[in-house]
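Enquirer: Structure for the following, please:
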Amino acid sequence: MKILLVEDEPPLASFVKKGFAHEGYDLTVAYDGRTGWSLYEQQPYDLVILDVNLPYVSGVELCRRIRAHSRRVPVLLLTALDSLDDKEAGFAAGADDYLVKPFEFRELLMRARALTQRYAAAGGERHELRMADLVLDLDAKTVARAGQRIALTTREYSLLEHLLRNRGRVVSRVDIAERVWDLDFDTTTNVIDVYVSYLRKKLDRDFSPKLIHTVVGMGYVMREE
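Expert: Below you'll find the predicted structure:
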């Protein structure tokens, strides 16, 4: 079983890694939220364990991104914060469980096993990206909104996938050019704006709420408004 641990305290990360290794698990460590997200995008994991207070990207925000990316990976939050409001924020972001520091490794192991067994019994990971009533199926390469199938070109699909994977975050034209077109950004072309316009006509024009928004001078963001 592959586990991703995102924890900015090296002694604790080492302690957890050794414990899981002793139990026969393959655990990868990231020490900040940005690196954790990059590792998550590179390969599938059976369990993600996140500290809440991480540099660059918080554990709660990282959990939110993971839920937008794939709804069927179990996420467990670690934190020194024990208030009800903190727990509510974590669960609202999509966390499956919450463990307060300090903790015994044995309890973490029991929770990890329970989560992975529960997800396995439920049928494993669903390869979908969702927002409001919009569903992008990563396996079938299809898109639907409000249950209505929407035909997209290959480039439109890739652009939508990139925007959905970064939901709630402003994505610049430079980033889109590099990630979707695999090109250095040419400031003289409006091809990205044209394709965003295509997506809006297909995904937003006849539906509510609007999901694709322009942030003037910065780029585009997907959020429900």
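Enquirer: residues near Ala146, how many?
Expert: Residues contacting Ala146 under the criterion other Cβ atoms under 10 Å number 12. Any C-beta I mention is one placed from the backbone N, CA and C, and that applies to glycine too.
Enquirer: quick one: the most far-flung residue of the chain relative to its centre from Asp86, how far?
Expert: Distance to the chain centre peaks in the chain at Thr188, reaching 32.3 Å (criterion: Cα atoms, centre = their mean). Separation of Thr188 from Asp86 (Cβ to Cβ, to the nearest Å) stands at 48 Å.
Enquirer: Pull the contacting residues for Asp186.
Expert: Ala177 (Cβ atoms under 8 Å, 6 or more residues apart in numbering).
Enquirer: Shouldn't it be within a helix?
Expert: No. Counting by DSSP: H, G, I helix; E, B strand; the rest coil, Asp186 falls outside a helix, being coil.
Enquirer: same for the longest helix that the chain contains, what does it pack against?
Expert: Identified as the longest helix of the chain according to DSSP state H is helix 105-121. Secondary-structure packing of helix 105-121 (3 or more Cβ pairs under 8 Å, 6 or more residues apart in numbering; DSSP states H and E): helix 10-22, strand 47-51, strand 75-79, strand 97-100.
Enquirer: Please render these as a markdown table that adds distance to His213, mean pLDDT and mean neighbour count to the earlier fields.
Expert: Below are these laid out as a markdown table (distance: least, Cβ to Cβ, whole Å; pLDDT from 0 to 100; neighbours: other Cβ atoms under 10 Å):
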| stretch | distance to His213 | mean pLDDT | mean neighbour count |
| --- | --- | --- | --- |
| helix 10-22 | 37 | 94 | 14 |
| strand 47-51 | 27 | 95 | 26 |
| strand 75-79 | 27 | 91 | 23 |
| strand 97-100 | 32 | 91 | 16 |
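Enquirer: Present those as a markdown table; the columns should include distance to Ala146.
Expert: Listed next are these as a markdown table, based on distance: least, Cβ to Cβ, whole Å:
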| stretch | distance to Ala146 |
| --- | --- |
| helix 10-22 | 42 |
| strand 47-51 | 30 |
| strand 75-79 | 28 |
| strand 97-100 | 32 |
